[in-house]
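In: structure of the sequence below:
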Amino acid sequence: MRRSKWVMTLALTLAVTLLLAACGGAKDAAGVVSDIEKLTGKLESYHAEGTMVLNTGQEPQEYGVVVSYQKPEYYRIALTNEANDITQIVLRNDEGVFVLTPHLNKSFRFKSDWPNNQGQAYLFETLAQSIIHDDERQFTAEENAYVFDVLANYQNASLVRQKIWLSKEDYKPQRVVVTDADANEMVTVTFSSFEFDKSFEDNWFDMNRNMTSVSIQSVPVLATEGEGQGEPSAEANEHFGIIYPGYVPEGVEERSAADFKLGERDAIMIRYVGEYDYTLVESKAAEERMASSSIGTVIELDLGRTVGVLIGENEQRTLLWTHDGVDYRLSTGNLPYEEMVKVAQSVFDQTGK
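Out: Got it, this is the predicted structure:
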């Protein structure tokens, strides 16, 4: 009888152990981190789809996100604003880094090691490295997911922490929530599908293929950034209305506004001085554009309808974006990144004067 109870107890213990192992309950933080390190070390490719909600502006903005990665450094990220049916593509291949807006027949290109110099909440590598390198990570296990609470490392310094949900079965990301210092949810990425070892067509990361994939008729000839920029003239521009930003940082005032020629296009330059000095150049959107720089960063701006391109770092930075048929170029030597975003956001819903 005693032996029978011992056998039953042993069998129950083994059953519970097997059940815990099967559902991942036996894993601790160190074991999961070790597995993630091994996974990233042999990562060949992946394809993910989902949604990204940004709460960094006045109103939440939702984007559809499709991410493709292939070793060694090929990326294709399609960001779609569902409300406006506009898609922009961030692309990296052997030719460089591109931001494409196919429906406008517009492309930006610049030299950069993106995304190595800046993480993204929808990239598996970014999430994995955040988990691996945070020695003070917090770890919990839910029914179907491992959850890590770790430091965030993004261009926007107000984003300080993030919670990452990974599938217990295969460590595929399920959800990411990035918060500010007050624990407000600023960025949320929800993955609807994720596939490791995805095979792509040969030209999947090709710029021309992606420019023509959204029902446009031709591929632009890229122009050189800054080509043909002349000096401002004193006459008022009769062909282009000035769009004044709705936001001006405290301690800053408008100094002047004048028109000039940007290549063959009419353009306007507005100068601001004070606590921060910066200029905002506005011109009718060109059919093609190439931005070139030895240092560059692609950033997703919560502008509702566009992706901004930030060129330069530290002493001199230029933020480029296009909206409603107008090209904008915000240049500064001392305006903080967060203030640049606020100025850029504030041109929306403004009319030309």
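
In: Ser34 in helix, strand or coil?
Out: Secondary structure assignment for Ser34 (DSSP: H, G, I helix; E, B strand; the rest coil): helix.

In: now it: how far from Tyr171?
Out: With distances taken as C-beta to C-beta, to the nearest Å, Ser34 is found 11 Å from Tyr171. Any C-beta I mention is one placed from the backbone N, CA and C, and that applies to glycine too.

In: how about Arg265?
Out: 50 Å.

In: tell me which of the two has more neighbours.
Out: For Arg265 versus Tyr171, the count of surrounding residues by other C-beta atoms under 10 Å is larger for Tyr171: 22 against 15.

In: quick one: contacts for the more buried one?
Out: By C-beta atoms under 8 Å, 6 or more residues apart in numbering, Tyr171 lies in contact with Val32, Asp35, Ile36, Leu39, Tyr146.

In: now for those: which two are most distant?
Out: Leu39 and Tyr146 (12.7 Å; C-beta to C-beta).

In: all helices of the stretch 1-150 of the chain, in order?
Out: 2-23, 29-41, 124-133 (DSSP state H, counting those that start in this stretch).

In: and if you look at the stretch 151-300 of the chain?
Out: 207-211.

In: quick one: low-confidence parts of the stretch 251-353 of the chain?
Out: Residues of the stretch 251-353 of the chain that meet the criterion pLDDT under 70 lie in 286-307, 313-315, 349-353.

In: can you do 90?
Out: For the stretch 251-353 of the chain, the stretches with pLDDT under 90 are 259-266, 283-327, 336-338, 341-342, 344-353.

In: for the stretch 1-150 of the chain, same thing?
Out: In the stretch 1-150 of the chain (pLDDT under 90), the answer is 1-27, 54-63, 79-90, 95-120.

In: redo that, cut-off 70
Out: Scanning the stretch 1-150 of the chain for pLDDT under 70 picks out 1-26, 57-58, 84, 111, 117-118.

In: so which helix or strand takes in Val309?
Out: Taking DSSP states H and E as the definition, Val309 sits inside strand 308-311.

In: tell me the strands beside that strand, with direction?
Out: Using DSSP bridges, strand 308-311 pairs in its sheet with strand 296-299 (antiparallel), strand 317-323 (antiparallel).

In: which strands and helices lie in contact with the helix or strand following the longest one?
Out: Going back to what we said before, that points to strand 317-323. Counting by DSSP H and E, the element after strand 317-323 in chain order, helix or strand, is strand 326-332. Packing contacts for strand 326-332, counted by 3 or more C-beta pairs under 8 Å, 6 or more residues apart in numbering; DSSP states H and E, involve strand 278-284, strand 317-323, helix 337-345.

In: so which of those comes closest to Glu95?
Out: strand 317-323 (18.9 Å).

In: tilt between the closest one and strand 326-332?
Out: Taking axes from the mean of the first three to the mean of the last three C-alpha atoms, to 10 degrees, strand 317-323 and strand 326-332 form an angle of 160 degrees between their directions.

In: now the angle from strand 317-323 to helix 337-345?
Out: Using the same axes, to 10 degrees: strand 317-323 against helix 337-345 is 30 degrees.

In: flag every buried residue along strand 317-323.
Out: For strand 317-323, the neighbour count (16 or more other C-beta atoms under 10 Å) marks Arg317, Thr318, Leu319, Leu320, Trp321, Thr322, His323 as buried.

In: for the fourth one, what are its contacts?
Out: Taking C-beta under 8 Å, 6+ apart as the definition of contact, the neighbours of Leu320 are Phe108, Arg289, Ala291, Gly308, Val309, Leu310, Ile311, Asp327, Tyr328, Arg329, Leu330.

In: can you lay out the residues you listed as a markdown table showing distance to Thr190 and neighbour count?
Out: Shown next, in a markdown table, are the contacts of Leu320 (distance: C-beta to C-beta, whole Å; neighbours: other C-beta atoms under 10 Å):
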| residue | distance to Thr190 | neighbour count |
| --- | --- | --- |
| Phe108 | 28 | 27 |
| Arg289 | 32 | 24 |
| Ala291 | 31 | 24 |
| Gly308 | 23 | 23 |
| Val309 | 26 | 27 |
| Leu310 | 26 | 26 |
| Ile311 | 31 | 24 |
| Asp327 | 33 | 19 |
| Tyr328 | 30 | 22 |
| Arg329 | 34 | 22 |
| Leu330 | 31 | 26 |
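
In: does Val189 touch Gln174 like I think?
Out: No. The pair Val189 / Gln174 is not scored as a contact, 9.7 Å apart, by C-beta atoms under 8 Å.

In: who has more neighbours out of the two?
Out: Val189 (26 against 20).
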